[in-house]
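**Q** how would this look folded up:
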Amino acid sequence: MIGILGGTFDPIHNGHLQIATQALARLQLQQVQFMPCALPVHRDQPRATAQQRCDMIESVLAEHPEFILNTLEIERDGPSYTIDSLREIRRRSAATLLLLLGSDAFNGFADWKQPREILELAHLVVCLRPGVSVDPTLFPEYRIESVGQLSRQSTGAILPLEVDAIDCSSSAVRAALQTGAIPRQWLPSGVADYIQTHHLYRSSGD
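**A** Model prediction:
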């Protein structure tokens, strides 16, 4: 089974890595692919360039051999739609695919392009911080309650998975960086060094 963790990664932070690490172990994944989007559909455009975001992801891969950078969306022209990416991944691989989402992303999943078709290509794993739950009215017919149930079907399950991840977001990291601080408690060391070296995310007056 392969985990797919998409997003802008603007920048990648420790919360992303904690989700990927715990999903890898608890779901017994072969690998987790980090798939940065080129043109996000439901959020603002990234501050860092596609190359810079890929560089920051690659800076942490050496320490995590099971983590892979997937540049499929970066290489494709136009908006980054998950359904298109999963179709391409499916053409290249017969492995079971698990799309890793946070609770906020899942709560907006009904507004994604062809959400039910996504579930024909992959499972969804909704990664939740302790005490957080998802709306029970969203796609209840696909819900399962345990990791063991994933093996009963190749696609189409939605599994809520509680993970112990720090309360961190890329927007909070960028806000701290705009003040001139480097929030190293939220960033892998290689990413923090890259941001500092390339003067990323500073306010326009700096």
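
**Q** CA atoms of the one helix or strand in the chain whose mean pLDDT sits lowest as PDB?
**A** Here the helix or strand of the chain ranked lowest by mean pLDDT, DSSP states H and E is helix 103-107, holding a mean of 88. The C-alpha coordinates for helix 103-107 follow below in PDB (Å, rounded to 0.1, in the frame of the first residue of the first chain):
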ATOM      1  CA  SER A 103      -9.800  17.000   8.900                       C
ATOM      2  CA  ASP A 104     -10.200  20.400   7.300                       C
ATOM      3  CA  ALA A 105      -9.500  18.900   3.800                       C
ATOM      4  CA  PHE A 106     -11.900  16.100   4.400                       C
ATOM      5  CA  ASN A 107     -14.700  18.500   5.500                       C
END
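
**Q** Poorly predicted segments of this structure, please.
**A** Applying pLDDT under 70 to the chain flags the ranges 204-206.

**Q** Would you map the helices across it?
**A** Under the criterion DSSP state H, helices of the chain are mapped to 14-26, 50-61, 72-75, 82-92, 103-107, 115-119, 170-178, 189-198.

**Q** wait, which of the ones you listed is closest to Val125?
**A** With respect to Val125, and counting by Cβ to Cβ, the nearest of the helices of the chain is helix 14-26 at 6.4 Å. (Each C-beta comes from the backbone N, C-alpha and C, glycine too.)

**Q** And the contacts of that closest one?
**A** Residues from elsewhere that reach helix 14-26 (Cβ atoms under 8 Å, 6 or more residues apart in numbering): 3, 5, 7, 9, 29, 31-32, 34, 60, 64, 66-67, 98, 100, 102, 125, 127, 147, 161, 163-169, 185-188.

**Q** what about the residue lying closest to Asp55 once chain neighbours are set aside, neighbour count?
**A** With sequence-adjacent residues excluded and distances taken as Cβ to Cβ, 6 or more residues apart in numbering, Asp55 is closest to Tyr194, at 6.3 Å. Taking other Cβ atoms under 10 Å as the neighbour definition, Tyr194 ends up with a count of 19.

**Q** quick one: buried residues of stretch 157-166?
**A** Ala157, Ile158, Leu159, Pro160, Leu161, Val163, Ala165 (16 or more other Cβ atoms under 10 Å).

**Q** need the residues you listed in CSV with distance to Val132, can you?
**A** CSV is the format used below for the buried residues of stretch 157-166 (distance: Cβ to Cβ, whole Å):
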residue, distance to Val132
Ala157, 20
Ile158, 15
Leu159, 15
Pro160, 9
Leu161, 11
Val163, 10
Ala165, 10
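
**Q** In strands only, show me these.
**A** Ile158, Leu159, Pro160, Leu161 (DSSP state E).

**Q** just curious, which of those is nearest to Ala94?
**A** Leu159 (20.7 Å).

**Q** which residues does the closest one bridge with?
**A** Taking DSSP bridges as the rule, Leu159 bridges to Val125.

**Q** quick one, what contacts the residue nearest to Asp55?
**A** By Cβ under 8 Å, 6+ apart, the neighbours of Tyr194 are Gln52, Asp55, Met56, Ser59, Leu200.

**Q** Taking those residues together, which two end up most distant?
**A** Ser59 and Leu200, at 12.6 Å, using Cβ to Cβ across those.

**Q** For stretch 48-68, which residues meet the burial criterion?
**A** 48, 50, 52-57, 59-60, 64, 67-68.
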